[in-house]
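Novice: sequence below, structure please.
(one chain, ligands or ions: 3)
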Amino acid sequence: MVLDPGKLTAHVPSSRAMAHRNPPSQGKVTVTVDEYSSNPTQAFTHYNINQSRFQPPHVHMVEPIPYDAPKPSGHTRFVCVSDTHSRTDGIQMPYGDVLLHTGDFTELGLPSEVKKFNDWLGSLPYEFKVVIAGNHELTFDKDFMAELVKQDYYRFPSVSKLRPEDFDDVQALLSNCTYLQDSEVTVKGFRIYGAPWTPWFNGWGFNLPRGQSLLDKWNQVPEGIDVLMTHGPPLGFRDWVPKDLQRVGCVELLNTVQQRVRPKLHAFGGIHEGECSVL
Ligand SMILES: Nc1nc2c(ncn2[C@@H]2O[C@H](COP(=O)(O)O)[C@@H](O)[C@H]2O)c(=O)[nH]1
Ligand SMILES: [Mn+2]
Ligand SMILES: [Mn+2]
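Specialist: Ligands and ions are numbered 1, 2, ... in the order given. Below is the predicted model:
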């Protein structure tokens with residue numbers, strides 16, 4: 001069990017100063033389903049050997065900054081954390097301006113867990129806190145819950161016994177942050193977009209099949225976004241699952257990030273072995 005939430009910090013200059021790193025694309029780029037979509041391990045080998053897509057200049061990995069490093073003037077400091085899974089007791093958080101939490105803040109999305117997470121958020125000093133759901137926030141996925149109540153096999157007994165009125169408005173319990181779900185917010189001049197979707201794995205919340213279904217979600221990310229938050233990784237970045245000897249990142253997310261949206265910062269978590277990452 002990985003308990004380390006993998007806290008990273010990233011300094012990002014004001015959006016105007018960084019505009020040259022996020023140039024408007026020449027005409028609208030359309031991303032289509034990748035020929036390797038259903039086999040991310042093979043996709044990685046192909047795109048690594050043939051296009052070097054996992055190294056600069058295609059991507060700049062954000063190195064963790066010591067928690068007490070002074071912030072350059074005119075910069076915003078983002079603290080990125082993910083997959084805390086209701087285990088926030090005693091976490092020492094670094095200094096920063098904006099907290100980004102990229103999902104799996106609970107085990108099952110139980111209202112009691114969400115309240116505890118919200119209390120923790122309330123105790124943190126960041127000026128802004130932005131949160132998305134992950135596959136463990138079952139009650140946040142209305143379609144998932146609609147299917148769950150039809151089943152007579154109780155895979156998640158404590159979730160199945162919730163009454164609809166217990167979770168209908170579960171997002172409202174997150175009063176100490178901005179919750180994003182296929183939506184955006186502008187914070188300190190940065191346009192931040194968040195989405196919870198991950199490739200289907202064991203039938204959790206916000207799971208979608210690889211290929212067109214996920215691409216349809218990534219196609220909702222507007223051009224001009226500065227910071228993208230997703231729960232899971234794009235192909236090739238912190239997406240190696242050692243126990244399965246597989247890469248599990250989303251190929252369509254990689255193509256969307258590198259070819260169309262080109263955000264200044266992409267924050268994600270999802271694969272605990274890879275820790276929380278920012279690109
Ligand atoms: N082979 C795959 N393993 C996966 C995938 N998504 C997650 N995982 C593994 O589960 C843990 C925990 O994930 P969580 O969402 O339950 O918190 C993760 O660290 C991986 O080891 C997947 O798509 N394929
Ligand atoms: Mn997790
Ligand atoms: Mn997860």
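
Novice: surely Ala43 and Leu235 touch.
Specialist: Yes - using Cβ atoms under 8 Å, Ala43 is in contact with Leu235, at 5.6 Å. Every residue, glycine included, has its C-beta placed from N, CA and C.

Novice: what about Phe78, how many neighbours?
Specialist: 27 (other Cβ atoms under 10 Å).

Novice: wait, isn't it in contact with Tyr95?
Specialist: No - using Cβ under 8 Å, Phe78 is not in contact with Tyr95; the gap is 11.5 Å.

Novice: helix or strand right after the helix or strand of the chain with the lowest mean pLDDT?
Specialist: Least confident helix or strand, the chain: strand 8-13 with a mean of 55, by mean pLDDT, DSSP states H and E. Remark: after strand 8-13, the chain's next helix or strand is helix 40-51, criterion DSSP states H and E.

Novice: in the chain, which spans are strands?
Specialist: 8-13, 75-81, 98-102, 128-132, 178-179, 183-187, 190-195, 198-199, 207-208, 227-230, 240-241, 246-247, 265-268, 277-278 (DSSP state E).

Novice: buried residues in the longest one, which are they?
Specialist: Buried positions in strand 75-81, judged by neighbour count with 16 or more other Cβ atoms under 10 Å: 76-81.

Novice: can you list the residues of the stretch 101-250 of the chain near ligand 1?
Specialist: 104, 135-136, 199, 201, 241, 244, 246, 248 (Cβ under 6 Å from any ligand atom).

Novice: now for the residues you listed: which two are most distant?
Specialist: Across those, no pair lies farther apart than His136 and Gln246, at 20.3 Å, counting by Cβ to Cβ.

Novice: among those two, which residue is more densely surrounded?
Specialist: His136 (21 against 14).

Novice: touching, that one and Glu113? I think so.
Specialist: No - checked against Cβ under 8 Å, the pair His136 and Glu113 is beyond contact range at 9.2 Å.

Novice: what touches both of those two?
Specialist: 106-107 (Cβ atoms under 8 Å, 6 or more residues apart in numbering).

Novice: the spatially closest residue to Pro263 that is not a sequence neighbour - how many residues pack around it?
Specialist: Nearest residue to Pro263 in three dimensions, chain neighbours excluded: Leu228, at 4.3 Å (Cβ to Cβ, 6 or more residues apart in numbering). By other Cβ under 10 Å, 27 other residues sit near Leu228.
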